[in-house]
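this one's sequence-less:
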């Protein structure tokens with residue numbers, strides 16, 4: 001009888017563990033250690049997986065505020081993101097207001113809840129990342145459709 005109860009308990013544990021929230025972060029990532037390319041890749045992979053907490057951690061404080069307030073932001077309007085390609089970073093500055101800035105070009109297929117400023121389909125975006133100081137982490141400071 002004890003063996004049967006142990007077996008039922010084990011099956012219940014395995015079943016419940018398979019019902020965890022798929023939108024939670026699959027693995028813990030230390031965003032502060034990522035370079036520009038890996039930061040951008042982590043941001044878009046997190047969006048694709050519905051892990052908005054990790055995605056937001058990739059953004060600068062100012063950019064995160066603007067994304068949260070926009071009706072067509074990736075946080076509010078993105079339904080799905082597939083076929084992600086993150087190109088190597090380039091030494092292209094956005095505005096030179098940070099200690100260091102880089103540009104990373106990304107391509108992906110997107111489906112939006114509502115087409116507002118971008119249509120469904122292939123997206124090509126220019127993502128700018130910056131470091132406020134030499135020792136600060138890289139953060140996404142802007143995303144746009146033109147260089």
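Now that the structure is in, tell me what you want to look at. Quantities reported herein were computed from a predicted structural model and do not represent experimental measurements.

run through the bridge partners of residue 126.
residue 105, residue 144 (DSSP bridges).

can you tell me the element the residue most central in space within the chain falls in?
Closest to where the C-alpha atoms of the chain average out (Cα atoms, centre = their mean) is residue 43, at 2.1 Å. Secondary-structure assignment from DSSP states H and E places residue 43 in helix 36-48.

just the buried residues of the helix or strand just after that helix, please?
Sequence-wise, the next helix or strand downstream of helix 36-48 (DSSP H and E) is helix 52-57. Neighbour-count burial for helix 52-57 flags 52, 54, 55, 56, 57 (criterion: 16 or more other Cβ atoms under 10 Å). For glycine as for every other residue, the C-beta is placed from the backbone atoms N, C-alpha and C.

kindly report the same for stretch 118-125.
For stretch 118-125, using 16+ other Cβ under 10 Å, the buried residues are 123, 125.
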